[in-house]
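**Q** Sequence first, predicted model second:
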Amino acid sequence: MVLKKIGNIKCNEDLERERKKCSFDPLELTHLIDGSPEKTRERKEREHYFLSDPELRDTIPQDYLSHKEKYEQAVRKACTLFRKVTQLRDKGGDLEIFRQTLSGMLGSAILKDGNPFTVHYVMFLPTIVGQGTVEQQAEWMEKAWNCDIIGTYAQTELGHGTFVRGLETTAHYDPKTKEFILNSPTLTSYKWWPGALGHTANYAIVVAQLYTQGVHRGIHLFIVQLRNEETHEPLPGIKIGEIGTKLGMQTMNNGFLALDNVRIPREQMLMKNASVLDDGSYVKSPNEKLAYGTLMFVRVVMLKNATSDLAKACTIAIRYSAVRRQSEIKPGDQEAQILDYRTQQYKLFPYLAASFAMRCAARWLWNMYQDVVSELAGGDLDRLPELHALSCCLKALCTAESAQGVEVCRLSCGGHGYMTCSNLPTLYGQATAACTYEGENTVLLLQTARYLMKAWQQAVQGKVVPPTVAYLKHAVSAGDSPHHWENSFISAFQQMAAGKIKNCADSMGMRIREGCTPEDAWNMTSIELVQCAEAHARVFLVQTFVSAVGELNASVAMKTVMTQLSDLYAIYTLLQNAGDFLMYTHVTPLDISILQNQMNMLLSQLRPNAVGIVDGFDFRDEILSSTLGAWDGQVYERLFEAASMSPLNKDLVNESFHKYLKPFLKSNL
């Protein structure tokens, strides 16, 4: 929906009072989030450039369109959007424009149910850069960058997702014609889920099992044309379509693809690492891990998106909670703002704090990703496993907690949060989808756990371990000596995670000694392994948040609020996992009671600044797209306005009355 100013109505009085009692300047927080006042100005200019364009607005609320109409409107707006993006790019704009319009704030405002071009920019282009030769990049990048073609990334199949080695699509090399022949041999080998595959893309990077000279060579990537560039008709051997409606992200145009003896030139296998020569000879990649780059890039981007989803949900719920009055705290008093209820604060403030923790982690991980990419270009692979393990567990934990947080925010808004005009159901659809795509969360956590088991063994053997698992060395050297609590959150989380990691290693070792195979021992310990990977991710989140606040260059008032948020995040997370801390650290039941009281104090301290904090996110109303979360707080006027837009309200008497209801009422049943 498009939010607009309702007549001359002023800001809600309760919301105005909240803003007046804020102890810090929300604009300072905005500058901290953006990076500088200059970056805030640039962001606002970008937002105005796009959001003021009438071609990018909905004339009819999306909720009242058919599935087909939603997709067609999304394509129309996506074309307009990227025409404008290209204009900015040609004027010297940076790549942040693409991130903002694809999956960031602008993208969610303009195409809140999904952009059918996203995979083209986030997967198709980066894969060509990361996996293509210089010649292949020269041939394909200009076409793709200028949208002469639209691509997608076809990996997941109907029967296989995260287990990539199990994919069934085949690519056999024919040396006579110097072509690859691609096939989908079973129904379960149909590509299933790629965004834009349904009706948007005319090319795809297809992930398939390579066979040359009668030998299976494993998973490789191929550029396959799907549709005629002029007519958009599917090419011979291509069976293609959309998979249908989903919980959310309806306009991503997720599709299916089956290949029947589709031939492509040898040069359309991406060969930056492994390659196939004219005669079918296979040149193996120097390191198979070099293929991880694109997926890690996407996971880093997903971490940023999870942060945004949660921050938007918190903004909507906290503003609504300041406006909504319900019941009496004391008999005879005015109905209280629901934000005054401690239970409401307990629902919302920890997730508000979590959005900042995730933001700090995303920034740190993005910087590490860029460093590792530079190192890979120079042939240095040392930090790739560490980045892979960290991106896996952070993607898993942060998307799960973001989805959970959005749902808690929705529930905290009562019945009004159930309405799609609140935008909370749509946000939940986006947030929960991320728990599955680009790696199912449980599988990703197990990948991190495998890395942690190796790191533990390295620590036990006295070997050097990477920085993000350096706390394991301390745990090994400390042995069974007491670990004093001393109110050090980082130390407590490290001790807890190290204890869980050691417990997993010991459990697997014991099972193997009792006669289990290593594979069975792994499976039997997998619940604990998932939990130790989650614990490792929490160490990182707490550590980066606390460290970032400690290094913050800000006013005393701003730093005080950020310290309260980081303390709340650490204490809330500790209390949610109290059993682990009681088991693996020297936190005592008395400490737990003290921390519970400290959390209550922090909720009270944050209460006067809650609206100011979410104002600091500086979300435009068009970006929040919520009747409950608009800046002016005119919740009830906006809810009624949204209800008035329903097509059912155009007629006082719906035709179904005369067709069905009246005959039924008169039938004397």
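**A** Yes, it's here.
**Q** Helices along the stretch 301-450 of the chain, start to end?
**A** All helices of the stretch 301-450 of the chain, identified by DSSP state H, counting those that start in this stretch, fall at 342-377, 384-412, 424-433, 441-460.
**Q** Can you tell me which of these is nearest to Ala610?
**A** In terms of CB to CB, the element of the helices of the stretch 301-450 of the chain nearest to Ala610 is helix 342-377, at 6.9 Å. For every residue, glycine as well, the C-beta is placed using N, CA and C.
**Q** Please work out the angle formed by the directions of that closest one and helix 384-412.
**A** Going by axes from the mean of the first three to the mean of the last three CA atoms, to 10 degrees, helix 342-377 is angled at 160 degrees with respect to helix 384-412.
**Q** Can you report how many residues neighbour Arg325?
**A** For Arg325, the neighbour count with other CB atoms under 10 Å is 14.
**Q** Phi and psi next, for the closest residue to it other than its chain neighbours.
**A** Nearest non-adjacent residue to Arg325, counting by CB to CB, 6 or more residues apart in numbering: Glu335, 4.0 Å away. Dihedral pair for Glu335: phi -50, psi 140, per degrees, to the nearest 10.
**Q** Now the element after the helix or strand harbouring Ala570, going C-ward?
**A** For Ala570, the element it lies in under DSSP states H and E is helix 556-576. Next along the chain after helix 556-576, taking DSSP H and E as the criterion, comes helix 578-584.
**Q** just how off-centre is that next one within its chain?
**A** Taking CA atoms, centre = their mean, to the nearest Å, the mean C-alpha location of helix 578-584 is offset from the chain mean by 29 Å.
**Q** on that earlier part again, tell me the contacts of the residue nearest to Arg325?
**A** Counting by CB atoms under 8 Å, 6 or more residues apart in numbering, Glu335 makes contact with Arg325, Gln326, Ser327, Glu328.
**Q** out of everything not next to it in sequence, what's closest to the second one?
**A** It refers to Gln326. Nearest residue to Gln326 in three dimensions, chain neighbours excluded: Ile338, at 5.1 Å (CB to CB, 6+ apart).
**Q** quick one: that neighbour and Val323, what's the gap?
**A** Distance, Ile338 to Val323, using CB to CB, to the nearest Å: 9 Å.
**Q** again with Ala354
**A** 23 Å.
**Q** okay, the two: which has more neighbours?
**A** Higher neighbour count among Ala354 and Val323: Ala354, with 27 against 23, using other CB under 10 Å.
**Q** Would you mind confirming that Gln344 makes contact with Cys413?
**A** No. The pair Gln344 / Cys413 is not scored as a contact, 10.1 Å apart, by CB atoms under 8 Å.
**Q** Count residues in the vicinity of His388, would you?
**A** Around His388 there are 20 residues (other CB under 10 Å).
**Q** Let me know the pLDDT of it.
**A** Here, the pLDDT recorded for His388 equals 91.
**Q** With Ala492 instead?
**A** 93.
**Q** What separates the first and last residues of stretch 143-163, distance-wise?
**A** 31 Å (CA to CA, to the nearest Å).
**Q** just the CA coordinates of the helix or strand harbouring His474, formatted as PDB?
**A** Taking DSSP H and E as the criterion, His474 maps to helix 471-478. Output of helix 471-478 as PDB, limited to C-alpha atoms (Å, rounded to 0.1, in the frame of the first residue of the first chain):
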ATOM      1  CA  TYR A 471      38.800 -18.900  22.500                       C
ATOM      2  CA  LEU A 472      39.100 -22.700  22.100                       C
ATOM      3  CA  LYS A 473      42.900 -22.500  22.800                       C
ATOM      4  CA  HIS A 474      42.100 -20.700  26.100                       C
ATOM      5  CA  ALA A 475      39.500 -23.400  27.000                       C
ATOM      6  CA  VAL A 476      42.100 -26.200  26.300                       C
ATOM      7  CA  SER A 477      44.800 -24.500  28.400                       C
ATOM      8  CA  ALA A 478      42.400 -23.700  31.200                       C
END
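**Q** tell me the mean pLDDT over it?
**A** Averaged over helix 471-478, pLDDT sits at 88.
**Q** now swap in stretch 629-641 and tell me
**A** Mean pLDDT, computed over stretch 629-641, is 96.
**Q** got it, and stretch 661-669?
**A** For stretch 661-669, the mean pLDDT works out to 87.
**Q** tell me the pLDDT at the residue lying closest to Asp309 once chain neighbours are set aside?
**A** Leaving aside its sequence neighbours, Asp309 sits nearest to Ala431 (CB to CB, 6+ apart; 4.5 Å). At Ala431, the predicted lDDT confidence score is 94.
**Q** close enough to count as contact, Ala431 and Ala306?
**A** Yes. Assessed by CB under 8 Å, Ala431 is found in contact with Ala306 at 6.8 Å.
**Q** now the host helix or strand of Thr30 and helix 556-576, what's the angle there?
**A** Per DSSP H and E, Thr30 falls inside helix 26-34. Interaxial angle of helix 26-34 relative to helix 556-576 (the same axes, to 10 degrees): 60 degrees.
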